[in-house]
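**Student:** The following comprises the amino acid sequence and a computationally predicted model.
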Amino acid sequence: MYLFCLFTALLGIVQALSNCSYQAVQEYLGLDKDNIKMTSLRPVFNWKTPTHVSADLYISSITEVNAKAQTFSPLVYLEMGWVNEFTKWNPSDFCGITVMSVPKEMLWIPDVIVMESIRTEYSTQEALFLKVKSTGIVAFVQAYIMTTACKMDLFRFPFDTQSCTLTLHSTLHNIEELRIDAYSNASMLTLSSKQIFQNQGEWDLVCINMSKTHIQSNGRQWDQLTYTITIKRRPLLYVVIFLFPILYFLVLDLTSFFITDDGGEKISFKVTLLLAISVLLLILHDMLPSTSDTLPLIGVYCSVIFTFTAVSLLETILVNFLKTRNAQATPKPSGETMTVPALQNAGERAPQSCSDMSTGNHGELCSITVLQQIITELQKAHQHLSATETFKQRKTSRWTEIAEKIDKTFFIIYVNGVMLFLQQIWQAWFS
């Protein structure tokens, strides 16, 4: 009798020890890859009971933001939890086991996907296990590298802030069968995402917001949980390599008004500035999408500066044209009475009139008369040359004065226009 009791006690101890393994819990629940009840059916005893899925989505890094293709590629961690009514057990029956891991092929997993996803890849490898609790709660965590569609507003590029959405929804179960709710609030998601955020590239994570929505399809409602990820561009690189050089070109164009007009150096300088700005415009075309609804401010910025420089070049050409009119032949002034050949004829006539005179006093008087005639003709020639030179100077000063007035007036308008434009573009960028 004593031996029988001892044997029974030892058998109970062995059975108790055998219940302390995860395998015992698995066998108790009937978990198996071929168990259709566990792997394929929604885990509720009553089909009218909806399955509540709690989800959290964290942003770990931003791998790419393609403005031309309008795509957003983040590395996300998706955590989901739901109640499986078929996986409950009493921890006291299994040596206090409350949590265990099982292969995901053994249990039903909700078909929750991201609606905006174009391509989804696993960051390292696919998650192989689910965490199951004694209360029936099943937890699933998976990291994805997603490429999603995102409509971007590039109006304030490169000082822009973009908002992209990731919408979780079920393609198979409507709201009567499956409901998706957020487990954490927006502030907790933002804080946790910033703590694990690893990317130090072009974009900064600003915040993550969420909203609950429903969609109608075929007379039924489908539950959706939308996460709005707000990111902000770091503009320093674009300012240094793009905005500042174009501004420097504009300043150089302003300083070109102090270059002399001789030899065409001023025109050559302005043409070089136009070519440099054209190269930067080609680079800008490669960066921005051609399907944008509105012209980005950086496009307005470059186009207006290009226009300023082009108009300045046209003004320089006009001023040079007016100044080169001085080199053209000017008409002779009216009232011309004497030429240099006439002076030679007068000198020839005087000796002929005096050739018949005898020598002596009459010869001296004749010589004086000739000299007086020569002096008179020289005075007339000098007056003629002075009048011609005065007329030429008057014509020269008139065209030069017109060109200088145009140049000064344009410079004042040009400077005021540039200052007004820069003020307006600054307010539009940072308002």
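**Tutor:** Cool, the structure landed.
**Student:** Contacts made by stretch 60-69 with the rest, please.
**Tutor:** 71-77, 143, 145, 147, 150, 152, 154, 157, 162, 193, 196-199, 201-203, 205, 231, 287-289 (C-beta atoms under 8 Å, 6 or more residues apart in numbering). C-beta: built from backbone N, CA, C; applies to glycine.
**Student:** need the strands for this structure, in chain order.
**Tutor:** Ranges of strands within the chain are 51-66, 71-88, 99-103, 112-114, 117-122, 129-133, 135-149, 161-170, 178-182, 203-217, 220-233, based on DSSP state E.
**Student:** ok so, going back, using ChimeraX, define a selection of the buried residues within the contacts of stretch 60-69.
**Tutor:** Those of those that count as buried under 16 or more other C-beta atoms under 10 Å are selected in ChimeraX with:
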select :71,72,73,74,75,76,77,143,145,147,150,152,154,157,162,193,197,202,203,205,231,288
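**Student:** In a markdown table: the strands of the chain, plus distance to residue 401.
**Tutor:** Listed next are the strands of the chain as a markdown table, based on distance: least, C-beta to C-beta, whole Å:
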| stretch | distance to residue 401 |
| --- | --- |
| strand 51-66 | 58 |
| strand 71-88 | 62 |
| strand 99-103 | 94 |
| strand 112-114 | 73 |
| strand 117-122 | 68 |
| strand 129-133 | 90 |
| strand 135-149 | 64 |
| strand 161-170 | 54 |
| strand 178-182 | 77 |
| strand 203-217 | 58 |
| strand 220-233 | 52 |
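**Student:** gap between stretch 128-139 and the chain center?
**Tutor:** Here the centre of stretch 128-139 is set off from its chain's centre by 45 Å, with C-alpha atoms, centre = their mean, to the nearest Å.
**Student:** Span of that stretch from start to end?
**Tutor:** 12 Å (C-alpha to C-alpha, to the nearest Å).
**Student:** for the record, mean pLDDT for it?
**Tutor:** Mean pLDDT, computed over stretch 128-139, is 93.
**Student:** count of neighbours near the nearest residue to residue 414 once chain neighbours are set aside?
**Tutor:** Excluding the flanking residues, the one nearest residue 414 by C-beta to C-beta, 6 or more residues apart in numbering is residue 312, at 6.4 Å. For residue 312, the number of neighbouring residues by other C-beta atoms under 10 Å comes to 22.
**Student:** For the remainder of this discussion, apply numbering that starts at 337.
**Tutor:** Shifting the count to begin at 337 puts that one at residue 648.
**Student:** Tell me who's in contact with residue 648.
**Tutor:** Residue 648 neighbours (C-beta under 8 Å, 6+ apart): 589, 592, 606, 746, 750.
**Student:** redo that, cut-off 7 Å
**Tutor:** Going by C-beta atoms under 7 Å, 6 or more residues apart in numbering, residue 648 touches 589, 606, 750.
**Student:** would you list these in CSV and tack on pLDDT and neighbour count?
**Tutor:** Below are the contacts of residue 648 laid out as CSV (pLDDT from 0 to 100; neighbours: other C-beta atoms under 10 Å):
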residue, pLDDT, neighbour count
589, 93, 22
606, 91, 22
750, 95, 17
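**Student:** Name the nearest of these relative to residue 370.
**Tutor:** residue 589 (78.9 Å; C-beta to C-beta).
**Student:** Now that closest one: closest residue in space that isn't a chain neighbour?
**Tutor:** residue 645 (5.0 Å).
**Student:** measure the one you found to residue 447 for me?
**Tutor:** 59 Å (C-beta to C-beta, to the nearest Å).
**Student:** Those two - which one has more neighbours?
**Tutor:** Per other C-beta under 10 Å, whichever of residue 645 and residue 447 has more neighbours is residue 645, with 22 against 11.
**Student:** so the more buried one touches residue 607, yeah?
**Tutor:** No - using C-beta atoms under 7 Å, residue 645 makes no contact with residue 607, being 9.4 Å away.
**Student:** ok, back up a step: let me know which of the strands of the chain is the nearest to residue 659.
**Tutor:** Short answer: strand 556-569, nearest of the strands of the chain by C-beta to C-beta, at 48.7 Å.
**Student:** So which bits of the closest one are buried?
**Tutor:** 558-563, 565, 567, 569.
**Student:** nearest residue to residue 761 other than its sequence neighbours?
**Tutor:** Closest to residue 761 by C-beta to C-beta, 6+ apart is residue 637, at 5.6 Å.
**Student:** since we're on the one you found, how many residues are nearby?
**Tutor:** 21.
**Student:** next one: residue 465
**Tutor:** So residue 465, with other C-beta under 10 Å, has 14 neighbours.
**Student:** Quick check: it touching residue 441?
**Tutor:** No - look at residue 465 against residue 441 with C-beta under 7 Å: they stay out of range, at 10.0 Å.
**Student:** list residues touching both of the two?
**Tutor:** Common neighbours of residue 465 and residue 441 (C-beta under 7 Å, 6+ apart) do not exist.
**Student:** Near the nearest residue to residue 556 once chain neighbours are set aside, how many other residues are there?
**Tutor:** Once flanking residues are discounted, residue 556 sits nearest to residue 510: 4.4 Å by C-beta to C-beta, 6+ apart. Neighbour count for residue 510, taken as other C-beta under 10 Å: 18.
**Student:** quick one: contacts for residue 510?
**Tutor:** Counted by C-beta under 7 Å, 6+ apart, residue 510 has contacts 556-558.
**Student:** which stretches of the chain form helices?
**Tutor:** 338-354, 358-365, 372-375, 522-532, 572-574, 580-591, 601-623, 633-660, 676-690, 697-766 (DSSP state H).
**Student:** May I see the ones you listed organised as JSON lines, with distance to residue 396 added?
**Tutor:** Output for these, formatted as JSON lines (distance: least, C-beta to C-beta, whole Å):
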{"stretch": "helix 338-354", "distance to residue 396": "42"}
{"stretch": "helix 358-365", "distance to residue 396": "30"}
{"stretch": "helix 372-375", "distance to residue 396": "30"}
{"stretch": "helix 522-532", "distance to residue 396": "5"}
{"stretch": "helix 572-574", "distance to residue 396": "23"}
{"stretch": "helix 580-591", "distance to residue 396": "34"}
{"stretch": "helix 601-623", "distance to residue 396": "26"}
{"stretch": "helix 633-660", "distance to residue 396": "30"}
{"stretch": "helix 676-690", "distance to residue 396": "97"}
{"stretch": "helix 697-766", "distance to residue 396": "31"}
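**Student:** weakest of those by average pLDDT?
**Tutor:** helix 338-354 - the lowest mean pLDDT of these, at a mean of 46.
**Student:** Any idea what the residue nearest to residue 497 when sequence neighbours are not counted is bridged to?
**Tutor:** Counting by C-beta to C-beta, 6+ apart, residue 497 lies nearest to residue 568, which is 4.7 Å off, once chain neighbours are set aside. Following DSSP bridges, residue 568 is listed with bridge partners residue 497, residue 540.
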